[in-house]
Each structure stands twice: as structure tokens, then as C-alpha cells.
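Peer 1: Need coordinates for the below:
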Amino acid sequence: MLRDRCNMKNTAASNLPVYSSELMQRWSKQGRFNFHSNKMMYLVIGVLVLGLFVILVNIYELRKLQADHHKISQFEGRKEIGEVSQSKRLVWIHAKRIETGYLRHVTNVFQRIGYEIGSRSSNWEVLWAHDYPFTELNTDIMYLKSHQRVNHFPGTGYITNKVSLATSKIKHIPPAFKVPHDIDRFRRYVKTHPKTLWVQKSNNHRGIKIKAVDELDLSSEGTFVQEYISNPFLINKKKFDIGIYAILTSINPLRVYTMESDVLVRFCAEDYYPFDVTNVKKYVVGDDYTPVWQIPSLQKYHEDMKYSFKESLSAYLRDIGRNDVKLWSDIRSAIQEVYLDKESKLISAGTKYKSTRNFFELVRFDFVLDEDLNIYLMEVNMSPNLSSGHFPPNKLLYEQVVFNTLKLVGVARPVPNDIFHSYHDEIGMQVADHDIQVFIETCDKCDNKCTQKECKQCHKCLSIDEKLSLQNAFLEHINRGNTRRIFPPPMTQHSAIHWDESKDTSYQSLNDKNKLISRWFRGKCLKDIGWCS
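Peer 2: Numbers count the residues shown, from 1 in each chain. Reported below is the predicted structural model:
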């Protein structure tokens, strides 16, 4: 049996294939070749992948360099045509007899904020015209570039023209009648007010004198007669007026600011009593007016305590038990009413130009007070006096007024380019899209319902024009300095929370653009109390 097993084992072994040593050696070499060829293939693939990666990186870097070069080329090109220049910003100051120096404070402020004095033929960024420029300089203004600014609005004559303003039937303006157009109405008024005294005025505001009815020249074309406020509020026996500086930055929608930190207070040269109608120095504020620092009751505030003119007047009124808060509130309301009354005429005048965003306007509203502190608007001065030649201490006021105006409208700015010539990142740095978003909770539910009034101020529902308007409003608020907004009307956060649109008759009378921006400011006020006023 053991022999049988051995035979079987030998038989099985003999059935296995038998290979020669030569064949075995050949196969061994082929195996090594396959191993080496696979290794080479992996190496080639790795090199190709690495090469492709390097090519992609190079393409990315090349495109980035091209983009940067394009951006630099655009910037350099704009510098060449004078639209943007970090090193040279020009202001063209247009005025008669400028060599006399009456605009020295204007020039000083522009130079301090980095402007050089240019001319009509230069690539100017700002035109500061002392006189209304839309006739003499109309060819220069008609086709303004988007970054150019002019310190007047077309149509402001409707506000600053004395006849137009006085006969507007606005609440805080004394009754006035055009001559000879309103003669019949004037005579009816005289019958019910027989003891009223009158002044007759024209647009040049010269030769004003108090007159009785029978002394008036009712045939003098282009003049008007206005009721004289015969019971003025006096300080140290002198009548005075209050000049409020107002800045118009937009007309549609309407945005108006006033200089909040100070006002111009001017007293008559002579005491009011004993009253003498032939002595105009008793009741007309002239070039030789008496300044605040010469009024005994105000000296301690202005000279000793270093109060501003406005603070000095307020402190005096509080000390004698009068309500200074109501006085300033009434003045703001009166200015707001004037602009709303003339708004449609301003909009109409602005339609002749490509855009009214190029314009801004600084004016001065002059008020007098009666003995009950009721306010009366006497006139609005286009290009108000900014010369301290007669009164050097006024220098600070005038330069603060100019600087705050230029800062408010973006002419005095911390970046070299205005919003129209900024790159996307530069714009976003100053005012991002989320900065102008309000009522986020409401907008989340609006989807595409932009026709609903509560959704109109949502970002996705804003037109390009509306978005730009809100961006400008945002920047004005950030740059407002010592100015404060009077329209859209300021509010408290409490009133913003409890505002009822249906009961706000003033809001209901606004046009659609003014409603939109009023809602927007309310939304900003709800988020941050600093936006309420």
C-alpha cells in the first residue's frame, strides 16, 4: 500500500507542465519590463497633471495682470482728460471784482480741502458762482460731466426773488401785494387794517422806508408793498434779524439742511425807540449793523463763555423765560414750507439739464421776531455775504458755513474720487448696498411684490435712480457735520415707531419720490436713533 501511494505521488508530479530554464528566464525579464513600463506611465501622467496645473495658474495670473492693467489704464485715461485727479482738483470761482477779496473765505476753504484755483477753460470739478449762473454760463452748465458740481440750482430765483417770495402767501411771511397787479386786493385789506404801516420793496432791496398808505407809489411796476411788523422783539432796545443758512442738496426727491451750530444775528445800528420812520437805521439792518459782541446782554455769553451767536441768543431767551426751542422749531418749519411751496417750480426748471445731481445751493433765510417771538420771513439771500471785511470776528462763522456745505455735498471728502468716479470697492467702502436697506423684516415677505407701497423701499424694488438717490442721502447724513436735515422732516424714534401714515396729512401731500425717501429715513430712524434728525 505504501508503494501504491508513492506511485500515485510520482504520477501526479509527472502530470505537471515542465518548462525549460530558458523559457523561465525569458518570462522573468518580461515581468521586469512590465513593472518598469507601468512605473514610467505613472511618472508621465504626473508630469502632465503638474504641467496642466502650472498652465492654469499662469492663465489666472495673466488674466489678473490684464485686468489690473485695464483698470490702471482707465484711471490714467480719466486723469488725462481731467475728470479724476488725485493730485489736482480744481475749483472755478466765478465772480465780479473777485480781486477785492470778498470771497477770500470761500477760496481759503477750497484750498484747505485740497483744491487749486482753476478757470473756465480748466478741467474744473466745482464751479462756485457768486451770481446766478444759468444765463451767462449756461453753455458751460448745460452739458456737465457727472462728477462736476455747481453751487446753484436752476429755478432758485423762485425762492430768492423778493417779489416772488413775499407774495407767496406762505404762513410766516407778512402779507404782501404786487404792484400794480394786486392793487384791488390790497385796498380791501387796508380797509380792515387801517392802522397798518407798510414798506415798499423791489428786488434790489434798496431804499426801504416805512410809509403810510397814502405815501405808497401804487403805480411802480415790479415792486410790492408789505405789511411792516411794528412790534418787534428788542434786545437792549435794538431790533435785530436772524440769518439761517440753508443748503439744498436735491429737488426730486427734496432734501434740505440747515446749519445747526450757528446763525448770523445782526442788530440795527440805532435804538428802536424813540421811533422815527425817517431814520431807517432804527428798523433796517444795514451794512453798518451792530454785531452780537457789542450787545451788552449777549456779551457775557459770546465773549466770556465763548458761546456761538445762536447759543448766546438762546441762553438770553432762556434767562428771561422765553422758549428758544419753539423759536428754532418754528424757523425750521418755515424754511421747510418755502421749499415745499416752490418745489414744483424747481423741478420744472431742472428738466432742461441732464441731471440735477450736479447742483447744490447755499442760501440765507432772514427772519425777524415780534414781541411774542412769532417769526416772520423777510427774504432769502442767494449767494449770501461771506466777507468778514466789516466784522473780522465773523470769519469763523463764514468759513464753517462754507466748509460744512462742501462736506455735506461731498465736495470736501476723505477719498479722492466722488461716487460717480469711484470703483466698485471704493463705493462700497463709503456706502454699501446693505447700508441703504430698511424694513428688512417686511422686505423678507415682499418677494416680487414691488407694486405694494410697503415694498417700494426694498432693495430689489429700487430703480437705479432711486438707489443712487438713497446712496447720496446716506452719504449726506454721514458727512453732515454741523448741519441738520429739515426735509425730509426729522422725527423722534418714538414717533417713528408709532407713525400712522393715514393720519399724517403732511406726508399724504408729498409726491411719490418724497414719500419714498421719507419712509426710508423713518426706516433708518427705527434702526438707529442717530438717523432720526
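Peer 1: Let's verify the nearest residue to residue 526 once chain neighbours are set aside: helix, strand, or coil?
Peer 2: Excluding its sequence neighbours, the residue lying closest to residue 526 (C-beta to C-beta, 6 or more residues apart in numbering) is residue 496, at 5.3 Å. Quick note: C-beta positions are derived from backbone N, CA and C, even for glycine. Secondary structure assignment for residue 496 (DSSP: H, G, I helix; E, B strand; the rest coil): helix.
Peer 1: Residue 525 is in contact with residue 496, correct?
Peer 2: Yes - between residue 496 and residue 525 there is a contact under C-beta atoms under 8 Å: 4.4 Å.
Peer 1: Wasn't residue 274 part of a strand?
Peer 2: No - assessed with three-state DSSP, residue 274 is coil; it does not lie in a strand.
Peer 1: number of nearby residues for it?
Peer 2: A total of 7 residues lie near residue 274 under the criterion other C-beta atoms under 10 Å.
Peer 1: how near is it to residue 114?
Peer 2: 55 Å (C-beta to C-beta, to the nearest Å).
Peer 1: before we move on, back to that, higher neighbour count, residue 496 and residue 525?
Peer 2: Using other C-beta under 10 Å, the more surrounded residue of residue 496 and residue 525 is residue 525, with 22 against 18.
Peer 1: give me phi/psi at that one?
Peer 2: The phi and psi torsions at residue 525 (degrees, to the nearest 10) take the values phi -60, psi -40.
Peer 1: same for the lengthiest strand in the chain, what does it pack against?
Peer 2: Counting by DSSP state E, the longest strand found in the chain is strand 240-251. Contacts defined by 3 or more C-beta pairs under 8 Å, 6 or more residues apart in numbering; DSSP states H and E place strand 240-251 against strand 254-259, strand 264-267, helix 324-350, strand 361-369, helix 395-408, helix 464-478.
Peer 1: Could I have the CA atoms of that strand written out in CSV?
Peer 2: Extracted in CSV, the C-alpha atoms of strand 240-251 (Å, rounded to 0.1, in the frame of the first residue of the first chain):
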residue,chain,number,x,y,z
PHE,A,240,-32.4,142.6,15.0
ASP,A,241,-32.7,139.8,12.4
ILE,A,242,-31.6,136.2,12.4
GLY,A,243,-29.9,134.7,9.4
ILE,A,244,-30.3,130.9,8.9
TYR,A,245,-28.0,129.2,6.4
ALA,A,246,-29.9,126.5,4.4
ILE,A,247,-28.4,124.0,2.0
LEU,A,248,-30.5,122.5,-0.8
THR,A,249,-28.9,119.2,-2.0
SER,A,250,-31.7,117.6,-4.0
ILE,A,251,-35.0,118.6,-5.5
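Peer 1: quick one, it and strand 254-259 angle?
Peer 2: Comparing the axes of strand 240-251 and strand 254-259 via axes from the mean of the first three to the mean of the last three C-alpha atoms, to 10 degrees yields an angle of 140 degrees.
Peer 1: Next one: residue 148 from residue 140, what distance?
Peer 2: 9 Å.
Peer 1: what is in contact with the two at once?
Peer 2: Jointly contacting residue 148 and residue 140 under the rule C-beta atoms under 8 Å, 6 or more residues apart in numbering are residue 127.
Peer 1: residue contacts, residue 378?
Peer 2: Residues in contact with residue 378 (C-beta under 8 Å, 6+ apart) are 174, 241, 366, 367, 368.
Peer 1: switch the cut-off to 6 Å
Peer 2: Contact partners of residue 378, counting by C-beta atoms under 6 Å, 6 or more residues apart in numbering, are 366, 368.
Peer 1: Repeat that for residue 284.
Peer 2: Residue 284 touches residue 208, counting by C-beta under 6 Å, 6+ apart.
Peer 1: How many neighbouring residues does residue 326 have?
Peer 2: Close neighbours of residue 326, defined as other C-beta under 10 Å, add up to 12.
Peer 1: same question, the one 10 residues further on
Peer 2: Residue 336 has 19 neighbours, counted by other C-beta under 10 Å.
Peer 1: Show the model's pLDDT score for residue 246.
Peer 2: Residue 246 carries a pLDDT value of 98.
Peer 1: separation between it and residue 377?
Peer 2: Distance, residue 246 to residue 377, using C-beta to C-beta: 11 Å.
Peer 1: Kindly report the same for residue 481.
Peer 2: Distance from residue 481 to residue 377, by C-beta to C-beta: 25 Å.
Peer 1: lowest-confidence helix or strand of the protein?
Peer 2: Ranking every helix and strand in the chain by mean pLDDT, DSSP states H and E puts helix 2-15 at the bottom, with a mean of 45.
Peer 1: Tell me how many other residues surround the closest residue to residue 266 other than its chain neighbours.
Peer 2: Leaving out its chain neighbours, the residue that sits closest to residue 266 by C-beta to C-beta, 6+ apart is residue 289, at 4.2 Å. Neighbour count of residue 289, defined by other C-beta under 10 Å: 20.
Peer 1: re earlier: with respect to residue 157, which of the helices and strands packed on strand 240-251 lies nearest?
Peer 2: helix 324-350 (8.5 Å; C-beta to C-beta).
Peer 1: Quick check: buried residues in the closest one?
Peer 2: Buried residues in helix 324-350, counted by 16 or more other C-beta atoms under 10 Å: 324, 327-328, 330-332, 334-343, 345-347, 349-350.
Peer 1: From residue 369, how far out is residue 377?
Peer 2: 11 Å.
Peer 1: Okay, now the unreliable bits of the stretch 51-200 of the chain?
Peer 2: Along the stretch 51-200 of the chain, segments meeting pLDDT under 70 span 51, 54, 57-87.
Peer 1: the helices in it, which residues?
Peer 2: 104-112, 138-141, 157-160, 162-166, 183-192 (DSSP state H, counting those that start in this stretch).
Peer 1: Which one, of the ones you listed, ends up nearest to residue 454?
Peer 2: Distance to residue 454, taken as C-beta to C-beta, is lowest for helix 157-160 among the helices of the stretch 51-200 of the chain, at 34.0 Å.
Peer 1: roughly how far out does the closest one sit from the chain middle?
Peer 2: Averaging C-alpha positions (C-alpha atoms, centre = their mean, to the nearest Å) puts helix 157-160 20 Å from its chain's average.
Peer 1: Stretch 242-249 now?
Peer 2: In terms of C-alpha atoms, centre = their mean, the centre of stretch 242-249 is found 13 Å from the chain centre.
Peer 1: what comes into contact with that stretch?
Peer 2: Contacts with stretch 242-249, where a contact means C-beta under 6 Å, 6+ apart, come from 153, 255-259, 263-265, 331, 335, 360-367, 401, 405, 408-409, 476.
Peer 1: Ok, stretch 97-107 next?
Peer 2: The set of residues external to stretch 97-107 that reach it, using C-beta under 6 Å, 6+ apart, is 95, 386, 387, 398, 399, 402.
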